[in-house]
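A.B. asks: With the input below, show me the fold.
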Amino acid sequence: MYFKTSEKHEALRAQIREFAEAEIKPFAFQWDTDNAFPREVIQKMAAKGWLGIPYPKEYGGAGLDIISYAIAVEELARCDGGCGVILSAHVSLGTWPIFAFGNDEQKKKYLPPLCRGEKLGAFGLTEPNAGSDAGGTETTAVLNGDHYILNGEKIFITNGGEADTYVVFAVTTPGIGTKGISAFILEKGMPGFEFGDHYNKLGIRSSATAQLLFNDVKVPKENLLGKEGQGFKIAMATLDGGRIGIAAQALGIAQGAFESAVEYAKDRIQFDKPIAFQQAISFKIADMATKIDSARLLVYRAADLKENHEPYGKESAMAKQYASDIALEVVNDALQIYGGNGYLKGMDVERFYRDAKITTIYEGTNEIQRVVIASHILGKPPKEAASPSAKAAAQNITGARKKMILKEGSAAERVAVLVENLKSDGYDFSVGIPIDTPITKAERVVSAGKGIGSKENMKLAEDLAKAAGAALGSSRPVAETLRYVPLNRYVGMSGQKFMGNLYIACGISGAIQHLKGIKDAATIVAINKNANAKIFKNCDYGIVGDVNEILPLLTQALGTDEKKPAGPMKKIKRITPKKERPSYGFYVCSGCGYEYNASLGDPAADIAPYTLFKDLPEDWVCPECAEAKANFIEA
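C.D. replies: Purely as a prediction, here's the structure:
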């Protein structure tokens, strides 16, 4: 078969390349430096109809094919990887699930502004405990009359905060794994739907990537996408197509780095001739070109299969995996050709080098792509049920905690209960340590997060630290972005680890990197106005309330008298809750001694985890010796 793109495809490529050279390439370095989202350029792309390239004209799209879309992403990424993924996430992730699974009303309402580029789309699947394993989704959606109430969070969301329309996944039926996940259409501005900071990333820095926060968000029933329980199916189908976009992005990054390196190699003279004609360099160039062409054929094949409604899941995974793998190889060789010059900020190959890495990670890591490819060839292996303890460990990053969360009563009453419990745990607030004690050597720390508000409010945290006899700490953004405290005061996996006794988190939501930095604390206290903040799942005591109200009350309750110097730190024994006895009984086979555990079920007999013994089919038999159910004895 002789494959060649059509004249229309190449005319589109030329048009987008001309645009990218004029409107993107000159500014890519500044966007990268400033971590800036190129809103004006996206608006210009929308005016040209490129944000709806593969969608029918009846919905405001350009009516072109999937190869045209892949070419568009490729050409944008050739100048800036961030711009490439902005288009990819909008078309493949934010718009396609509505086009493929939406009802007529949803399509009429949402597709025209998305396809015309009047609104930008995004896709919310990833969570702290649901990355490669989407079945770990913890965001919940509870039906309440005419609305679903959403609570939870999403992380690493491309176009997050900049997009207007979001396809979000949440658990509507707990306890049944992926079959309990549903999809919803959310709109920016819905009460309780907020955004975290634009992540400060290694590469693709012109692309906005942010956290989505859901705090009792009321989503109309009519915004359910598909049916309840179809969310996982919708997500996986969407990612199949999204991988074509990421493969095209990787291809474009590799192409841009390749062209830049070839041009440089022709100009750079060493040993009386251009280095391009030194065999070591010419062989590199030959290998780079071969890899890029191979990747392009895989990408266009997957796009063509999708366009013709043929199965393309395996092929899109192959394209994404191979294109992103060779992108790393090509940009590495391109930088090597540049030598020391390529290592300098401002050189496009240095930026391509950083941009390329993420393509092997998002929309399914390349390890997952290999799982997908192998499953198409070999079939899927039987699933193993996760143990309850494994699920708990995934949710509780800081380990088992008391989780006494105080919501009821006045603020003063909640503070009084907290102080009483801390004193009964053995904390003496008549003694203290200097407020500037190094975090790693501190027995107690009071930390401020972004929830503290303005810099003037840091005095509330400082006053509390003095009253608690503690050192002052912070979350990473407070030190790094807001610069309220020196960098050596921030606590977290990438900062200073706290291994002392008492840690009081004020206005800290509980990002994974922060929680891992305090997991060894004897006691964690959380104060946050967001009842859904992850830190409440990882603390011993928590007060749901405004730090501006709670902190002064807690300061007074702990005492503002001058503290006596504390002696050497004695580690307080961590108080962990007692394990509860399971609500279900254990049943033992009278024939062989096999013990039926309801938390595990019997996967070989299609008995789901948490199926009680009494609910087992009457014809169920012991998996070890085939003894009848009636001959089991309750332990």
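
A.B. asks: Just checking the distance from stretch 496-510 to the centre of its chain.
C.D. replies: Relative to its chain's centre, stretch 496-510 lies at 23 Å (C-alpha atoms, centre = their mean, to the nearest Å).

A.B. asks: Likewise for stretch 35-53?
C.D. replies: With C-alpha atoms, centre = their mean, you get 24 Å for stretch 35-53.

A.B. asks: can you pull the buried residues of that stretch?
C.D. replies: 35, 37-38, 41-42, 45-46, 49-53 (16 or more other C-beta atoms under 10 Å). Yep, even glycine has a C-beta here, placed from its N, CA and C like the rest.

A.B. asks: What is the most widely separated pair among the residues you listed?
C.D. replies: 35 and 49 (28.4 Å; C-beta to C-beta).

A.B. asks: Give me the number of neighbouring residues for residue 521.
C.D. replies: Number of residues near residue 521 (other C-beta atoms under 10 Å) recorded here: 27.

A.B. asks: residues contacting it?
C.D. replies: By C-beta atoms under 8 Å, 6 or more residues apart in numbering, the contact set of residue 521 is 398, 498-503.

A.B. asks: cool, and residue 245?
C.D. replies: So residue 245 contacts 69-70, 73, 85, 87-89, 91-93, 363 (C-beta under 8 Å, 6+ apart).

A.B. asks: So which of those residues sit within helices?
C.D. replies: When these are checked against helices (DSSP state H), the matches are 69-70, 73, 85, 87-88.

A.B. asks: Which stretches in the stretch 1-150 of the chain count as helices?
C.D. replies: 7-23, 28-34, 39-47, 66-79, 81-88, 96-101, 104-115 (DSSP state H, counting those that start in this stretch).

A.B. asks: Put together TSV for those helices, with distance to residue 122 and mean pLDDT on each row.
C.D. replies: As requested, the helices of the stretch 1-150 of the chain are exported to TSV (distance: least, C-beta to C-beta, whole Å; pLDDT from 0 to 100):
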stretch	distance to residue 122	mean pLDDT
helix 7-23	22	97
helix 28-34	19	97
helix 39-47	13	97
helix 66-79	16	98
helix 81-88	10	98
helix 96-101	11	97
helix 104-115	11	98
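
A.B. asks: Highest mean neighbour count out of those helices?
C.D. replies: Highest mean neighbour count among the helices of the stretch 1-150 of the chain (mean count of other C-beta atoms under 10 Å): helix 81-88, with a mean of 30.

A.B. asks: tell me what that one is packed against?
C.D. replies: Counting contacts by 3 or more C-beta pairs under 8 Å, 6 or more residues apart in numbering; DSSP states H and E, helix 81-88 packs against helix 28-34, helix 39-47, helix 66-79, helix 231-267, helix 348-357.

A.B. asks: relative to helix 7-23, how tilted is the fourth one?
C.D. replies: Comparing the axes of helix 231-267 and helix 7-23 via axes from the mean of the first three to the mean of the last three C-alpha atoms, to 10 degrees yields an angle of 70 degrees.

A.B. asks: just how off-centre is helix 231-267 within its chain?
C.D. replies: 20 Å.

A.B. asks: Relative to the helix or strand following it, what are the paired strands and their orientations?
C.D. replies: Note on helix 231-267: by DSSP states H and E, the next helix or strand toward the C-terminus is strand 269-270. Partners of strand 269-270 in the sheet, by DSSP bridges, are strand 273-274 (antiparallel).

A.B. asks: Just after the partner strand, pick out the following helix or strand.
C.D. replies: With elements assigned by DSSP H and E, the helix or strand that comes after strand 273-274 is helix 279-307.

A.B. asks: Just name whatever secondary elements the following helix or strand past that next one is in contact with.
C.D. replies: Following helix 279-307 in sequence order, the next helix or strand is helix 313-338 (DSSP H and E). Counting contacts by 3+ C-beta pairs under 8 Å, 6+ apart, helix 313-338 is packed against helix 231-267, helix 279-307, helix 348-357, helix 366-378.

A.B. asks: how about those helices, which one is nearest residue 314?
C.D. replies: With C-beta to C-beta, the closest approach to residue 314 among the helices and strands packed on helix 313-338 belongs to helix 366-378: 3.9 Å.
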